[in-house]
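**Q** would you be able to build a 3D model of this:
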Amino acid sequence: MKVHMSATFHRVSRLVVLPDYQGIGLGKKLLNFMAEYYTRHTGLPFEIITSNPQLLRSHLENWRILHVGRGQRVDSRHLAHPYTGSSELRITVTMKYTRPKQADPSEKTLLEGSKTG
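**A** Just a heads-up that it's a prediction; the model follows:
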């Protein structure tokens, strides 16, 4: 299946896991699935910005940290509605998904051969 998109930037505003299902890795698995699917079918990078403490503490394979810092103050005069959030002091992390490299079939054969031999 080929994904056709005209823009090079798309936004996922929130990934939420119900309380009964938190802490067992469902959000992390969904995030990895979405990133793998998107990068495989579009060839475009998949980046996220998060301040979620559990996600920041977990070991995310295939993700590279691009930036760590605090959110910037938003000037509400430029928004359609007044900004009432207080996220400007939160530490945020920007991460980029990097697709895992496929193992070379000859290397796999060598590794399997050394196990049996």
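
**Q** and stretch 46-58, what's its mean pLDDT?
**A** Stretch 46-58 carries an average pLDDT of 84.

**Q** got the buried residues for it?
**A** Across stretch 46-58, burial judged by 16 or more other C-beta atoms under 10 Å covers Phe46, Ile48, Thr50, Leu55. To be clear about C-beta, it is placed using only N, CA and C from the backbone, and glycine gets the same treatment.

**Q** so which of those are in helices?
**A** Leu55 (DSSP state H).

**Q** any weak-confidence spans in this protein?
**A** Filtered on pLDDT under 70, the chain yields the residue ranges 1-10, 71-88, 102-117.

**Q** what ranges do the strands span in the protein?
**A** In the chain, the strands defined using DSSP state E lie at 47-50, 63-70, 91-97.

**Q** buried stuff in the last one?
**A** For strand 91-97, a neighbour-count test (16+ other C-beta under 10 Å) marks Thr92, Val93, Met95, Lys96, Tyr97 as buried.

**Q** returning to that earlier point: okay if I get the strands of the chain as TSV plus distance to Thr39?
**A** What follows is these, written out as TSV (distance: least, C-beta to C-beta, whole Å):
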stretch	distance to Thr39
strand 47-50	10
strand 63-70	12
strand 91-97	6
